[in-house]
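A.B. asks: Give me coordinates for this.
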Amino acid sequence: MSNGSPLEGVRVVELAHIMAGPVCGLLLADMGADVVKVERLPRGDATRGFLPPSVDGESAAFMMLNRGKRGVALDLRSPEGVDVVRRLLAQADVVIENFRVGTMERMGLGWEALAQVNPRLVYCQITGFGRTGPMSERGGFDLIAQGHSGLMSITGEGPGRAPVKVGAPVTDITAGILAAFGVVSALFERERTGEGRLVDTSLFEAGITQTYWQSAIALASGVSPGPLGSAHPLAAPYQAFRTADGWINVGASNPRTWKGLTRVIGKPSLAEDPRFAENAGRMAHLDDLVEVLEPYFQRRSTDEWLVRLVAEGVPAGPIASVGEMLEHPQTLAREMVIEVEHSALGPVRSLGRPVKLHRARSETAGPHPEAASDRPAGARGRGAPLFGEHTREVLEGYGLEPSEVELLLADGIALEAR
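C.D. replies: Below is the predicted model of the structure:
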């Protein structure tokens, strides 16, 4: 029976670890693909060891990135284990890998070799710096990619301060998103041509894509912009301000919202100040602008300012902690915190699918402002697999005889969770 998901029936083999590749697999699983995560013996994905925190011994980090997938554990150092992977990939639609350049080739599982066996295969490779270029053979690490891509030169409080990375592993996550976009694009093209593609992206390029505004400045002016704290490089005021009891983000950078802000703080004459009347002037005199506005914001609490600014139509919001975000009514309304069913732990909370797909309403369905979920009411998605949880199920489902699977398990080539 169809589950109504757009990637239903797409078979994905994830030969990926830690973050960028698993993010790609997670997004594809969220859209209905059958994602089989192949983990190396003896320990599996390194995130299984990212402890603490854990839930009854299971890594919270691993469970976050690998829900919705089936798990297989194989010895990829053995010819027999590699042969099993080759047999899986002969039937798969997509393979995701984020090893160093050349690793899959040394196992005989590179793009060129697999395309001979399965010309419809979409081969997704995520590396540190891409398949080509003088740094192609270097490994991929978020911190290193943030530095190389220019991100750390624009993140932080200002000139002369210590370099600061983006708090989240943004190049890992973005590379996974770009990879998923590439995979879906290649699958769409395959419907026309019948042939697979090599999808090639990297943490380096993922970091570069985060610098659109700053690269625009550098390409146009020849000057590399530096860190501005919470401020925007092209518009003002668009940053955080200290209040009587904390901080508030304010985005009042166009003519309407700027004038609205001056009314809210009780100083409408600021809108006519020659330094601040236009955005170009406000950017040129940003330090003066902040110095003028800060005392006003410190007169009231964050909540008081939020009420006034929102009523005036000025974009504003708090700086929430992660815990506050997870409990916020909007987060819950968007199903961004969900429960998944873990085979050993039962219900486990996780982040939900960030893309919702809506269908047109039928005339008989009546008004429903919120789209129904793809899953039945009350049903939980699949949690992250135990190490080797689906080894037997997957291998037999991909055509291996039960006797072959038994032999692989007996010889320690494959592992089955008990």
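A.B. asks: OK, contacts around Glu189?
C.D. replies: Arg197 (Cβ atoms under 8 Å, 6 or more residues apart in numbering). C-beta: built from backbone N, CA, C; applies to glycine.
A.B. asks: Mind telling me what element it is part of?
C.D. replies: helix 170-193 (DSSP states H and E).
A.B. asks: List the contacts of stretch 394-413.
C.D. replies: So stretch 394-413 is contacted by 36, 41, 70, 72, 74-75, 78, 80-81, 84, 87-88, 91, 391-392, 414-416 (Cβ under 8 Å, 6+ apart).
A.B. asks: How far does the lowest-mean-pLDDT helix or strand in the chain sit from its chain's centre?
C.D. replies: In the chain, the helix or strand scored least confidently by mean pLDDT, DSSP states H and E is strand 381-382, which has a mean of 92. In terms of Cα atoms, centre = their mean, to the nearest Å, the centre of strand 381-382 is set 19 Å apart from its chain centre.
A.B. asks: Name the residues that touch that strand?
C.D. replies: Arg67, Gly68, Lys69, Arg70, Ile338, Val340, Glu341, Arg375.
A.B. asks: and if you look at stretch 289-305?
C.D. replies: Contacts for stretch 289-305 (Cβ under 8 Å, 6+ apart): 231, 236-237, 239, 241-248, 250, 264-267, 270, 275-276, 282, 308, 316, 318.
A.B. asks: Mind checking which of these land in strands?
C.D. replies: The members of the contacts of stretch 289-305 that map onto strands under DSSP state E are Gln239, Phe241, Arg242, Trp247, Ile248, Val250, Ala316, Pro318.
A.B. asks: Near the third one, how many residues? Count them for me, please.
C.D. replies: I take that to be Arg242. 13 (other Cβ atoms under 10 Å).
A.B. asks: What sits closest to it if chain neighbours are left out?
C.D. replies: Distances taken as Cβ to Cβ, 6 or more residues apart in numbering put Gln298 closest to Arg242, at 6.0 Å, once the chain neighbours are dropped.
A.B. asks: how near is the one you found to Ala252?
C.D. replies: Using Cβ to Cβ, to the nearest Å, Gln298 is found at 17 Å from Ala252.
A.B. asks: between the two, who's got more neighbours?
C.D. replies: Ala252 (26 against 12).
A.B. asks: From what I see, that one and Ile265 are in contact.
C.D. replies: No - at 10.0 Å, Ala252 does not count as touching Ile265 under the criterion of Cβ atoms under 8 Å.
A.B. asks: Ala179: how many residues sit nearby?
C.D. replies: A total of 28 residues lie near Ala179 under the criterion other Cβ under 10 Å.
A.B. asks: do the same with Ala231
C.D. replies: A count of neighbours around Ala231, defined by other Cβ under 10 Å, yields 18.
A.B. asks: which ones are touching it?
C.D. replies: Pro237, Tyr238, Gln239, Leu286, Val290.
A.B. asks: Look up the pLDDT of it for me, please.
C.D. replies: At Ala231, the model reports a pLDDT of 95.
A.B. asks: Equivalent analysis for Arg361, please.
C.D. replies: On pLDDT, Arg361 comes in at 68.
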